[in-house]
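*Asks:* for reference, the sequence and a predicted model appear below.
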Amino acid sequence: MKKIILLIALCFSAWLAAGAQNMADSLWNDANAHYANAQYQEALENYLQIESSGQESPALYYNIGNTYFKMRYIAYAILYYEKALRLEPNNPDILYNLQVAREQCIDRIEPVPTFFVTKWIRESHQILSSGMWAVISIGLLVLALVLFLVFFFARGVRFRKASFILSIVIFLFAILSTTFAWQSRKEATREDLAIVLSAVSSVRSAPGTQGKDLLVIHEGTRLRVLEQMGDWARIELEDGRQGWVALNEIVFVY
């Protein structure tokens with residue numbers, strides 16, 4: 001009897017999932033049709049309804065960003081381009097549209113220069129997803145192990161020497177790909193990035209209205225949240241400047 005009930009429950013769950021997917025597909029097609037006809041409000045409502053159902057994808061976030069951009073909501077466009085970029089960090093269309101949207105912002109904040117090795121690692125890990133880097137790392141480790149076993153059991157001196165050197169080199173590449181996988185995963189799951197949605201936001205020296213005004217930032221500015229205290233967040237801009245802003249004036253990318 002329990003098996004029958006479990007089977008019925010599984011079938012019902014599968015039916016619900018299929019129905020939800022069909023509804024999402026219908027909303028997606030309708031949203032794309034509205035967007036093509038410049039009916040941006042209707043397209044946005046459908047896209048956001050898909051998002052509210054719990055689905056996420058680079059294409060969904062990218063289209064929401066494009067729709068907001070067409071409606072001149074630049075800060076929201078930047079927010080959703082950033083969301084899309086988390087899932088597909090090397091997509092040239094997302095990167096280009098994000099750059100175009102950022103050029104519409106008032107603030108021009110130059111990032112702090114980074115050490116060239118750090119910059120190279122940051123750019124290299126974006127070529128593939130964390131999952132792909134993990135697969136490559138495992139494959140390289142297996143290959144390095146095979147070559148080491150060849151070195152251990154082979155008889156020819158030259159052959160043993162070559163297999164040993166190759167195993168070391170491949171093992172080092174496996175470590176590098178593991179580093180890329182870890183870095184890619186870290187970027188995709190970080191929860192400290194936020195976008196300013198308020199038209200004007202004051203950065204203060206301390207949390208609360210008693211803090212001294214340090215500077216003013218505007219909608220669309222990207223920042224990192226270092227800590228939260230009540231209704232306030234200590235933030236860091238890309239140029240390294242820090243301060244406190246009201247939490248209701250920013251929204252997290254994750």
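*Replies:* Received, thanks. Numbers count the residues shown, from 1 in each chain.

*Asks:* burial of Gly131, as a residue count?
*Replies:* For Gly131, the tally of surrounding residues (other C-beta atoms under 10 Å) stands at 12. Every residue, glycine included, has its C-beta placed from N, CA and C.

*Asks:* scratch that, Phe152 is what I was asking about
*Replies:* Neighbours around Phe152, by other C-beta under 10 Å: 11.

*Asks:* and the helix or strand hosting it, which residues are buried?
*Replies:* If you go by DSSP states H and E, Phe152 is part of helix 130-153. By neighbour count on 16 or more other C-beta atoms under 10 Å, the buried set for helix 130-153 is 130, 133-134, 136-137, 140-141, 143-144, 147-148, 150-151.

*Asks:* with distance to Leu197 and pLDDT added, can I get those in JSON lines?
*Replies:* Listed next are these as JSON lines, based on distance: C-beta to C-beta, whole Å; pLDDT from 0 to 100:
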{"residue": "Ser130", "distance to Leu197": "29", "pLDDT": "76"}
{"residue": "Trp133", "distance to Leu197": "33", "pLDDT": "85"}
{"residue": "Ala134", "distance to Leu197": "35", "pLDDT": "88"}
{"residue": "Ile136", "distance to Leu197": "38", "pLDDT": "92"}
{"residue": "Ser137", "distance to Leu197": "39", "pLDDT": "92"}
{"residue": "Leu140", "distance to Leu197": "43", "pLDDT": "93"}
{"residue": "Leu141", "distance to Leu197": "45", "pLDDT": "93"}
{"residue": "Leu143", "distance to Leu197": "49", "pLDDT": "93"}
{"residue": "Ala144", "distance to Leu197": "49", "pLDDT": "91"}
{"residue": "Leu147", "distance to Leu197": "54", "pLDDT": "89"}
{"residue": "Phe148", "distance to Leu197": "54", "pLDDT": "87"}
{"residue": "Val150", "distance to Leu197": "59", "pLDDT": "87"}
{"residue": "Phe151", "distance to Leu197": "59", "pLDDT": "84"}
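
*Asks:* for the stretch 51-200 of the chain, which spans come out with low pLDDT?
*Replies:* Counting by pLDDT under 70, the ranges of the stretch 51-200 of the chain that qualify are 112, 114-126.

*Asks:* Ala233 falls within a strand, correct?
*Replies:* Yes: residue state for Ala233 (DSSP: H, G, I helix; E, B strand; the rest coil) corresponds to a strand.

*Asks:* list the beta-bridge partners for it.
*Replies:* Gln228, Val245 (DSSP bridges).
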